[in-house]
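# Whatever this is, show me its structure:
(4 chains)
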2 protein chains.
Amino acid sequence: MSNNFKERLEMAALSRKERDRRLRRDDILRAAEHIFAIKGYHKASIQDIAKEAQYAVGTVYLYFKDKEALYITLFEEKAQGLFLWVRDKVSQAPGSKEKIRVLIEEQLSYFESNGDFFKIYFSERVNYRWIIKDRISQKTAERFLRHIDYIASLMKAAQEEGVIRSDISAKRTAHVLASMINATIFPWLRQEAGKGAPAARSGGNGKSLKEMSGFILDLFFNGVKAR
Amino acid sequence: MSNNFKERLEMAALSRKERDRRLRRDDILRAAEHIFAIKGYHKASIQDIAKEAQYAVGTVYLYFKDKEALYITLFEEKAQGLFLWVRDKVSQAPGSKEKIRVLIEEQLSYFESNGDFFKIYFSERVNYRWIIKDRISQKTAERFLRHIDYIASLMKAAQEEGVIRSDISAKRTAHVLASMINATIFPWLRQEAGKGAPAARSGGNGKSLKEMSGFILDLFFNGVKAR
DNA sequence: TCTATTAATGAATTAAGATTCATTTTATGA
DNA sequence: TCATAAAATGAATCTTAATTCATTAATAGA
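Here you go, the predicted structure:
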């Protein structure tokens, strides 16, 4: 959780006690992340999470209202981290085409180094639950749509720069790009799924996840037509 | 359930009693389809389903071993229907390019006329659950991968015909196409999600789902690059 | 019409796991 | 060191909903 500069600053400003509390809370979040990644939301029990974090069941409730709140907090913090990370990197890239390249590359890169969150993200976020009303679905849908809006703004800029076609909706294009990223992760995830964190190791096609960004960029820009 | 020719033939061959039993089973499946679509697997209770089907709770158990079996049966039958439908239509199309067009179009078309299954499919199938081990995840993953393999075979053929590029993996391309279809459904689904079955009505962009196949085909073949 | 057989019913039972809270442990500071 | 407050514990409780099964209703054949 406290993994970026801003948060470290915040931490320093807290009292000893508050800092302690934050540390324990983060222990629990970390444990939850791991358990949710392995079992999924419904199969993960508070017992499992408490054991993993080496606390008693009751302690978990001292830090989180209930299981749902624990899940949502975890998801929000991690997703926030992903989006801040990606936006930061993209903002540093020069032109539109380069921004798109960086977007793809850094999103994959973040996933590659956050194995457990990665699994959670994929088993929930992609879960097109616009239909269903519970709090978790609401939150994940919100987050996702905000990300799509951001990508759409990049697309818009790229259209204005004449880098991509202007005869297609920026938002729809954003959806397509986001999906292409997922699609490419798919087969990679399967082989990695065998065991442990998917991070770092090089996959069946001898490629790390990040290395696939070229493939996505190519397909996104040029399509599949033979030339 | 009994919605195709083959099944109607099978029905005719059964005894009165067996036919009766099949009819009731289908009542329950139909009710389950609706309830699962509204609430999702976990929130849907057997009570809900029984009430919807106008049977008692116990009756449901006369026809299905448990909730999981009910769900899997439903999913399998519907997914089977989708894939048979699509394959049939595709097989009637002439060249590779045309087959791909028909694939996209008919998949959208099937969804458009099977609203509830459509919701279930999207809230479960896309749920990249390679990670998680329960029976439902296994089944949906299996089905999905079989479909991907089928699409990959179309891609392979298209490569051999020189219709699409040969420097990219057919399977990865299949994943990308499948995802593009989903991506396009996304925004459409959101507006439709408001209420009722998503079928038939024309969406916010004034387009029915099926009408979007042109957009997908274009993007898939030509990419987004300005020309 | 009258059994016997089969099917349907839904109240009662189980199961699983989330949540509480009285008790115990640890930390603080006088 | 001791008294007090804060934090942690985990067995007991509560919830929710799946599953069962003794009872009732429907059906079929004699």
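# what's the single longest helix in chain A?
With secondary structure taken from DSSP state H, chain A has its longest helix at helix A:16-43.
# Please name every helix or strand in contact with the helix or strand following that helix.
Going down the chain from helix A:16-43, the next helix or strand is helix A:46-53, by DSSP states H and E. Helices and strands touching helix A:46-53, by 3 or more Cβ pairs under 8 Å, 6 or more residues apart in numbering or on different chains; DSSP states H and E, are helix A:16-43, helix A:57-63. Bear in mind the C-beta positions are built from the backbone N, C-alpha and C, glycine included.
# will you turn those into TSV that also has mean pLDDT, mean neighbour count and distance to chain B?
As requested, those are arranged in TSV below (pLDDT from 0 to 100; neighbours: other Cβ atoms under 10 Å in any protein chain shown; distance: least, Cβ to the nearest Cβ, whole Å):
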stretch	mean pLDDT	mean neighbour count	distance to chain B
helix A:16-43	92	17	5
helix A:57-63	98	15	21
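# tell me the angle of the longest helix of chain A relative to helix A:46-53?
Helix A:16-43 runs at 130 degrees relative to helix A:46-53, counting by axes from the mean of the first three to the mean of the last three Cα atoms, to 10 degrees.
# hmm, helix A:16-43 touching DNA strand D?
Yes: for helix A:16-43, a contact with DNA strand D is found by Cβ under 7 Å from any atom of the strand, at A:Lys17, A:Arg21, A:Arg24.
# I'd like those residues laid out as JSON lines, including distance to A:Thr73.
Formatted as JSON lines, these follow (distance: Cβ to Cβ, whole Å):
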{"residue": "A:Lys17", "distance to A:Thr73": "20"}
{"residue": "A:Arg21", "distance to A:Thr73": "14"}
{"residue": "A:Arg24", "distance to A:Thr73": "14"}
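# Close to DNA strand D: what parts of chain A are there?
Residues of chain A lying near DNA strand D (Cβ under 7 Å from any atom of the strand): A:Lys17, A:Arg21, A:Arg24, A:Gln54, A:Tyr55, A:Ala56, A:Val57, A:Gly58, A:Thr59, A:Tyr61, A:Leu62.
# how about a markdown table for those, with distance to A:Ala170 added?
What follows is the residues of chain A next to DNA strand D, written out as a markdown table (distance: Cβ to Cβ, whole Å):
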| residue | distance to A:Ala170 |
| --- | --- |
| A:Lys17 | 49 |
| A:Arg21 | 44 |
| A:Arg24 | 44 |
| A:Gln54 | 48 |
| A:Tyr55 | 47 |
| A:Ala56 | 51 |
| A:Val57 | 48 |
| A:Gly58 | 50 |
| A:Thr59 | 47 |
| A:Tyr61 | 45 |
| A:Leu62 | 46 |
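# can you name the two of those that are farthest apart?
Pairwise distances across the residues of chain A next to DNA strand D (Cβ to Cβ) peak at 23.1 Å, for the pair A:Lys17 and A:Val57.
# Nearest to B:Gly115, out of the helices and strands packed on helix A:46-53?
Per Cβ to Cβ, nearest to B:Gly115 of those: helix A:16-43, 25.3 Å.
# elements contacting that closest one?
Secondary structure elements in contact with helix A:16-43, counted by 3+ Cβ pairs under 8 Å, 6+ apart, are helix A:46-53, helix A:57-63, helix A:67-92, helix A:115-120.
# just checking, what packs against the shortest one?
Helices and strands in packing contact with helix A:115-120 are listed as helix A:16-43, helix A:67-92, helix A:96-112; criterion 3+ Cβ pairs under 8 Å, 6+ apart.
# nearest to B:Leu82, of those?
Across those, B:Leu82 has its closest neighbour in helix A:16-43 (24.9 Å, Cβ to Cβ).
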